[in-house]
Structures are given as structure tokens and as C-alpha cells.
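Enquirer: Turn this into a model:
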Amino acid sequence: MIIIDSQQELANFLEKLSFDSLGIVKLDQVTFELSQSVIDELTIVHEDVLAQASAQVLAKLDELTMFILYAKDPAQVKTILTNMVDIITPSTTLELFNNKVQLLSELIKERQVLKSQLISINKELSETMGNVEVELLRIKKVYEQKTPRRFNNIKGIQAYSKYAAGESVGGEFFDIHMNQNKAFVIMSSTSSYLASSSILQMFSQLKSSEEISEQIELNLIEDIKQEVVELNKSKKKEISIHLFTAIIDLSKHTVSGHLFGDFKILSSNSNNSYSTKGPILLNSQVNEGEFERNLKRGERLLLCSPGFSLNWQKLNPEFIVEELMIKKSIKPLDILDEIFYQLKKDSSSGFLSYDASAIMLEVQQNAMVQV
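Expert: All right, here's what the predicted structure looks like:
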């Protein structure tokens, strides 16, 4: 027990009570201000110390788990702190004082045990979360190895892709759904594994449909938006989401869709390059993200994810991606391999800082275009 005394009055009071003084540490105001590791000790404070306390001493008193105030007249006490749990006076009996001290000592011990248990639980939780993160990185690595690099030829347009796993929380997802004369392209990047998993599930359900239409695309965007809104209701930190959706008309070779967030579209036809920050999905109407492009024969279009751009910004490559894309002698897969080699060449862990995804579309030179 600690007593913070003034003019020896507290010490004299305890002596008068014949209270066992063994284990009592006596401090004055200055010594208390400089002391360390007294937060969880049962403390009795003289009323004069509280009344004359500086802002620093008051702050230190406020850090105590709890304390008892010694005051001659409780009605005259003007300074009250929330952790001041009781008041004793010169007329307090030894029996009553012993009961108060025993009760408060037990409360402090219980708090210390609970604190120790919470520290242990927190350590176990941290170890568990660490193991979960390791497993998620392994899953990302497997996904990186299993992701197809080449999609089936989609009527005059060849599609290629590449993905590299990153250490950041969350993930990226991309896919292409082909049906008759249309292809549906999606790419997403979120700060939540749960949100990314939900998007994957929604697109899987969409792929079971026989139809690809603008309305289906709009419905998907709204469903994704609502899903993230619902997830954010239980989150302290809002989930970030970047979303790209597009429908390619394989007869007319037009690309129309919606872009929300930091995607980058590079083209061998400079007029089709698109590098600007799109609206934020959760704060925007769907039509605010609309875009449309016409593809030409022989054109190459590269869709880069937000994670790709973040990783690329850290590099100082000796080439510009568009310079590779306009060289027809360089195959699309070779371009993707070179780009991702540049991203990963300095990584000692084999992981990037962020997930990175890229999809390249190449319109065949002899493709038939409906006029």
C-alpha cells in the first residue's frame, strides 16, 4: 500500500489506529510525481495533496487504478477524480479501515489477474492471426501459380493475364466470362479478404447465366456496393474497394463499362490509354464511372490493377510499358513476363508489397468488325 502524505498526518492516523504498517510505502507529492510502476497499487492520498496538486500530479493520480482519499471533512473536498473510490476521516475505526483496505486490495488483485489473462489472450490471438496471415499468403501464392495466363480466344480478341501475390491485407480478383458475341471482364481490389471473396462468389453466379448485358453489369455493381456497405457496418476502418467492369462487344469491338478507383488502361493506340482516378464506388452513382472505347485491328490493351500501379511506382524501370506494347515482334505473354519480372526482381520474399494483376487484350489483325 502507498500513502501520499502531508505533514505526517496520514502516518500519524495509521499509527493511532495501530494498523500494521509493514508493506506501506510513504511518499510525498514530489516523490510520487517521479515514481514509476505505482498504477496498480492501493493508494491513500491526503486531501492537501489533492487540493494542491499540479496538472502533472493530477494526471498521475488519474492513472491510478483506484485510490482512497483522507479528508477531515468530506463535504469540503472540491477536487474529485473518477478513480477516487472512497473517503476516510480521522474518525474512521480500525475495523472499518481494515474492511475497506481488504476489499479494495482484492479488487486490485482481480484486476491484475484479469489484465494478465488479457495479455496472455492477446499474445495467443496475435500468434493465431500471424498464422492466419501466413496461410493466406500461401493461398495467394497458390492462386498466383494456378491463375491461367491465357484465356480462350474470344472471337478475334486474344486475352492474356498475370497475377503476383502481395503481402498487404486484402486481395485482387479478376476474371473474364465469355458468351456468344460478348465478353464480360471484371477486376477488383479490396482491403478485405471477405469482400474479395464475396465478389468472387457473385461473379461465379453471374457466369452461370446465359446472358451478358448492361443491366446484368449494373446489377452486379450495385450488389457489390451494397455488400461492402453492409460489411462496413461492423468495421471500425472502412473497407476500400476499386472495381472495374466492362462488356466487350466481339462483333463491333467496342469496350463499354464502369471504372471506380485507381485502375490504369494502357494501349498501343495512345488515344485509348486511360490513366485517371475514377470515382469512389461507395460515394458515387454507378453512372459516374461510365467509359467506352473502340478497339482497332492489331491493338493491344493492358488493364492494370491498383496494386500493380502501386508496385510499379516504386520502380525506376528502363522502359515504358507502351513501348513494348507497340512492338509487334514481342509477344503479349513475353510483355507480361517482363513487366512482372521488373516488379519482383528485388523482392527477397517472393511477394510484392501489394497484389498485382494485369489483363492484356489483343485484337487480331484479320478480325472481322461489324460496321
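
Enquirer: can you give me the helices for the stretch 201-350 of the chain?
Expert: Ranges of helices in the stretch 201-350 of the chain, per DSSP state H, counting those that start in this stretch, are 214-232, 306-313, 321-325, 332-344.

Enquirer: Any figure for the gap between residue 176 and residue 45?
Expert: Note on residue 176: its distance to residue 45, by C-beta to C-beta, to the nearest Å, is 72 Å. C-betas here are computed from N, CA, C, even on glycine.

Enquirer: Give me the more crowded residue out of these two.
Expert: Counted by other C-beta atoms under 10 Å, residue 176 and residue 45 do not tie: residue 45 has more neighbours, with 27 against 20.

Enquirer: That one touches residue 4, doesn't it?
Expert: Yes - in this structure, residue 45 is within contact of residue 4 by C-beta atoms under 8 Å, at 4.8 Å.

Enquirer: any shared contact partners between those two?
Expert: Overlap between the contact sets of residue 45 and residue 4, as judged by C-beta atoms under 8 Å, 6 or more residues apart in numbering, is nil.

Enquirer: quick check: domain ranges of the protein?
Expert: Annotated domains of the chain cover 2-100, 147-363 [automatic domain parsing].

Enquirer: Residue 108: which of those domains is closest?
Expert: For residue 108, the closest of the domains of the chain is domain 2-100, at 5.7 Å, according to C-beta to C-beta.

Enquirer: Identify the residues contacting residue 330.
Expert: residue 324.

Enquirer: which residues in the stretch 51-200 of the chain form strands?
Expert: Listed in chain order, the strands of the stretch 51-200 of the chain (DSSP state E, counting those that start in this stretch) span 67-70, 84-88, 157-164, 171-179, 182-190.

Enquirer: Tell me which of those is the most buried.
Expert: strand 182-190 (a mean of 25; mean count of other C-beta atoms under 10 Å).

Enquirer: how about the nearest residue to residue 222 once chain neighbours are set aside, what does it touch?
Expert: Leaving aside its sequence neighbours, residue 222 sits nearest to residue 286 (C-beta to C-beta, 6 or more residues apart in numbering; 6.6 Å). Going by C-beta under 8 Å, 6+ apart, residue 286 touches 218, 221, 222, 225, 258.

Enquirer: ok, back up a step: could you dump the helices of the stretch 201-350 of the chain to JSON lines with distance to residue 196 and mean neighbour count?
Expert: Formatted as JSON lines, those follow (distance: least, C-beta to C-beta, whole Å; neighbours: other C-beta atoms under 10 Å):
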{"stretch": "helix 214-232", "distance to residue 196": "10", "mean neighbour count": "16"}
{"stretch": "helix 306-313", "distance to residue 196": "12", "mean neighbour count": "20"}
{"stretch": "helix 321-325", "distance to residue 196": "26", "mean neighbour count": "17"}
{"stretch": "helix 332-344", "distance to residue 196": "20", "mean neighbour count": "17"}
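
Enquirer: Can you say which of these is nearest to residue 67?
Expert: Per C-beta to C-beta, nearest to residue 67 of these: helix 214-232, 41.7 Å.

Enquirer: Any stretches of this protein with poor pLDDT?
Expert: The chain contains residues with pLDDT under 70 at 20-23, 36-37, 120-122, 124-154, 272, 274-276, 318, 366-371.

Enquirer: May I have the phi/psi pair for the residue positioned nearest the centre of it?
Expert: With distances taken as C-alpha atoms, centre = their mean, residue 191 lies nearest the centre of the chain, 5.9 Å away. Main-chain torsions, residue 191, degrees, to the nearest 10: phi -90, psi 10.
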